[in-house]
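J.: Need coordinates for the following:
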Amino acid sequence: MIRRAFRLLLHHRAVRALLDACDAADGRLDPVECHLVGGVLRDRALGLPIHDVDAVVAGHGREIAERLAAALPARLVLLGGKEFAAYRLVAGELTVDLWDRETLSLHDDLARRDFTLNAFAFDPRSEEVIDPFGGIADLERRLLRATTPASFAGDPLRVLRLPRLLLRLPGFAADPETLLLARRSTPGLAGVAAERVRDELAMLFAHPEIHRGLALLMALDVYPGLWLARPGEPGQPSGALAELEALPERVRELRQLDTGAADGVDAPAARLAATFVHLPQNGHGALQRLERFRDAGYLTRQEAAKVALVLGWEELPASDLGRRRFLHRAGPLWATVAASLGARATGTAALEPWRATLRPLVDLARSEGKALFDPPRLLTGGEVQELLGVPPGPHVGRALTAVRQAQVDGKIRTREEAVELLRAGAA
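T.: Okay, here's the model as predicted:
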């Protein structure tokens, strides 16, 4: 049955192009040996959609990659690698990752892979399945198991890949020994290139069931240790887990009031903010922790700025003036902040005030949101100079700021009202 499932891959355009490229490589009489490996086989066996194709060839990798890029057609990216050459071909939504194992045996190539469900191969010519580590049996058992005892020690980033795969693969559990191996390797995350950690975290926090992922990060001593620059250090700030579990319900409540607002919630930013709110303080606030996390390279500046904005409030404003200023400062992220504050509230006593302040905020955002996010310009700098009789300089900037603030506060809406405001201030 497994072989029949893999045989369907022979009709995939990338697989056909790969075989043609291996047949023609270097003008050889014998084709270059190639195998499909990794995620493409795993997902095919599980009946999941196929977006990426993973393959390994025994030599002539650069030439095969170039032929494949021309045939698909696709953009060729050289990935490099310390022990082997790797190439990525990007053709729209399709990605092909090609490894050249050169003189390394197929068995040894499979042995260096992370989990057994990624460590078997399929020969598209002979249709033989090579499974030296029992990966297919683990697939059938829905078990995530390390390929070898050295799986995590060789690449500690796999500690993060473990929860990501458990979130992505339905009904899977981790082998207890694998969890122990991963936990022992968590301190090694400090030596992993920051951009690799950042990419794994981004995929984790994009998942709607990140609360399950965070629970595993806690069990592996990744959280809060990595957030505190001490991966591997135990700690159980369960508040973050409770907030992540509550977040979807608060978004649903927001959706009942305004579908568009709920659709505008930046879920990854809200989820990441929850992890910083509940960190041990020890003299450092959440924003300071966030800055250090960003400076370590684990968040882009753009993502960190969004998280910082979400962390900027402790409660929703209760007055009309407060709501106006809140919407202006939060801008399009206002719904993200609102949902986060609702998720942070625990118990009826805290939730009822949140619900009471949410409805008028939604109404104001619906009626005046765009004008509050970025008020239309009522006067130019030149007009201010002429009106007040002042030269270019800080006076002009302060006047324009005063006009903009008055717009946000709902005091003025027209050019005439702006002129009157500045004249009254100059009098």
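
J.: Against Ala229, how distant is Arg289?
T.: 9 Å (Cβ to Cβ, to the nearest Å). For glycine as for every other residue, the C-beta is placed from the backbone atoms N, C-alpha and C.

J.: So which of those two has more stuff around it?
T.: Using other Cβ atoms under 10 Å, the more surrounded residue of Arg289 and Ala229 is Arg289, with 22 against 13.

J.: Mind giving me the packing neighbours of the helix or strand harbouring the more buried one?
T.: Element membership for Arg289 (DSSP states H and E) is helix 286-295. Contact here means 3 or more Cβ pairs under 8 Å, 6 or more residues apart in numbering; DSSP states H and E; on that basis helix 286-295 packs against helix 267-277, helix 301-310.

J.: residues making contact with it?
T.: 227-229, 276-277, 279, 299-301, 304, 307-308, 311 (Cβ atoms under 8 Å, 6 or more residues apart in numbering).

J.: same deal with stretch 413-427?
T.: Against stretch 413-427 from outside (Cβ under 8 Å, 6+ apart): 378-379, 384, 387-388, 399, 402-403, 406-407, 411-412.

J.: what about 7 Å?
T.: 378-379, 384, 387-388, 399, 402-403, 406, 412 (Cβ atoms under 7 Å, 6 or more residues apart in numbering).

J.: Could you give the average pLDDT over it?
T.: The average of the pLDDT scores along stretch 413-427 is 87.

J.: any idea how far Gly47 is from Ala14?
T.: 19 Å.

J.: higher neighbour count, the two?
T.: Taking neighbours as other Cβ under 10 Å, Gly47 and Ala14 compare with Ala14 leading, 23 against 7.

J.: On the pLDDT front, check the most centrally placed residue in the chain for me.
T.: Taking Cα atoms, centre = their mean as the criterion, Ala202 is the residue nearest the geometric centre of the chain, at 2.2 Å. According to the prediction, Ala202 has pLDDT 97.

J.: Quick check: closest non-adjacent residue to it.
T.: Pro268 (7.3 Å; Cβ to Cβ, 6 or more residues apart in numbering).

J.: mind listing the helices for the stretch 51-200 of the chain?
T.: 61-71, 106-111, 135-141, 151-154, 158-168, 176-185, 194-205 (DSSP state H, counting those that start in this stretch).

J.: okay, the ones you listed, which one's buried deepest?
T.: helix 158-168 (a mean of 22; mean count of other Cβ atoms under 10 Å).

J.: Outside of that helix itself, which residues are in contact with it?
T.: 114, 144, 151-152, 172, 174, 182, 185-186, 189, 197, 200-201, 203-204, 207, 209, 212-213, 216-217, 220, 222.

J.: if I look at Asp52, how far off is Val362?
T.: Distance, Asp52 to Val362, by Cβ to Cβ: 40 Å.

J.: Show the contacting residues for Ala338.
T.: Contact analysis of Ala338 by Cβ under 7 Å, 6+ apart lists 254, 316, 358, 361.

J.: ok, which pair from those residues is furthest apart?
T.: Leu254 and Leu316 (11.6 Å; Cβ to Cβ).

J.: quick one: buried residues of the lowest-mean-pLDDT helix or strand in the chain?
T.: Ranking every helix and strand in the chain by mean pLDDT, DSSP states H and E puts helix 2-7 at the bottom, with a mean of 84. Within helix 2-7, the residues scored as buried using 16 or more other Cβ atoms under 10 Å are 2, 6.

J.: Show me what that helix is packed against.
T.: helix 39-46, strand 129-130 (3 or more Cβ pairs under 7 Å, 6 or more residues apart in numbering; DSSP states H and E).
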